[in-house]
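K.L.:
Here you go, sequence then predicted model.
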Amino acid sequence: MKLSDAKRDYYRISAKNEGYRSRSAYKLKQINDSYRILKPSDKAIDLGCAPGGWLQIIVKQVGPSGQAIGVDIHEVQPIEGAAILQGDIEDPDISNRLSELMNSKADVVVSDLAPNITGIWSVDHARQMSLNRNAYSIVQKVLRKGGIAIFKIFEGELVNQFKMELKVSFENVVLSKPHASRQKSSEFYFICFKYNG
């Protein structure tokens with residue numbers, strides 16, 4: 001078995017043993033361990049939350065005094081301690097629905113959004129960046145000043161332009177590739193600190 005396959009199996013088995021709905025939960029867990037994104041009592045939103053692995057990490061980190069909200073176009077099985085909205089992030093009303101649930105701005109917004117993969121790289125990259133722009137639009141409406149956002153990125157020609165746009169709104173934009181991501185994969189994350197509102 002190749003090392004990358006062994007690692008993938010390790011996280012898949014660990015997720016099953018620890019009760020996480022997806023191996024990708026470890027990506028957010030590792031990002032949080034490195035950067036302390038999520039704190040007790042935070043209000044946090046997970047865009048594209050299905051099947052719920054990231055949302056499980058959020059609930060655990062923000063605790064009972066915090067608020068965890070997930071959004072996905074697909075139905076997601078309930079998670080104790082979280083509110084889940086079924087809806088399309090391209091729907092302009094999603095931001096209003098989130099604001100109504102929170103009563104104030106979010107401290108953290110995370111996005112692990114990915115399109116259905118076609119295998120045609122230019123198409124997949126463009127579609128994934130389109131999802132990120134929709135997520136960024138929501139972030140601009142629901143994130144508090146000084147808040148943090150995370151965006152999953154597929155490598156490609158549109159990334160640098162998106163990073164420049166993020167740097168207009170955030171004081172610091174860091175690139176991260178957690179160990180739980182396959183090292184040969186093209187995905188990484190932009191972690192954006194101190195939203196300027």
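P.N.:
Here it is on my side, so go on.

K.L.:
Could you identify the helix or strand that succeeds the longest strand along the chain?
P.N.:
Taking DSSP state E as the criterion, the chain has its longest strand at strand 143-154. From strand 143-154 onward toward the C-terminus, using DSSP states H and E, the following helix or strand is helix 159-169.

K.L.:
buried residues in that following helix?
P.N.:
By 16 or more other C-beta atoms under 10 Å, the buried positions in helix 159-169 come out as 159, 162, 166, 169. (Each C-beta comes from the backbone N, C-alpha and C, glycine too.)

K.L.:
Save those residues as a markdown table, and put in distance to residue 78 and pLDDT too.
P.N.:
Listed next are the buried residues of helix 159-169 as a markdown table, based on distance: C-beta to C-beta, whole Å; pLDDT from 0 to 100:
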| residue | distance to residue 78 | pLDDT |
| --- | --- | --- |
| 159 | 35 | 95 |
| 162 | 33 | 97 |
| 166 | 32 | 98 |
| 169 | 33 | 97 |
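
K.L.:
re the thing from before, could you export the longest strand of the chain as CSV, keeping only the C-alpha atoms?
P.N.:
C-alpha atoms of strand 143-154 as CSV (Å, rounded to 0.1, in the frame of the first residue of the first chain):
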residue,chain,number,x,y,z
LEU,A,143,-18.9,37.9,9.4
ARG,A,144,-18.1,40.4,12.2
LYS,A,145,-15.3,42.9,12.0
GLY,A,146,-12.1,41.1,13.2
GLY,A,147,-13.6,37.7,12.3
ILE,A,148,-11.9,34.7,10.6
ALA,A,149,-12.8,32.9,7.4
ILE,A,150,-11.5,29.7,5.8
PHE,A,151,-11.9,28.8,2.1
LYS,A,152,-11.0,25.5,0.4
ILE,A,153,-9.1,26.1,-2.8
PHE,A,154,-8.2,24.0,-5.8
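
K.L.:
now it and helix 159-169, what's the angle there?
P.N.:
Using axes from the mean of the first three to the mean of the last three C-alpha atoms, to 10 degrees, one finds that strand 143-154 and helix 159-169 are set 170 degrees apart in direction.
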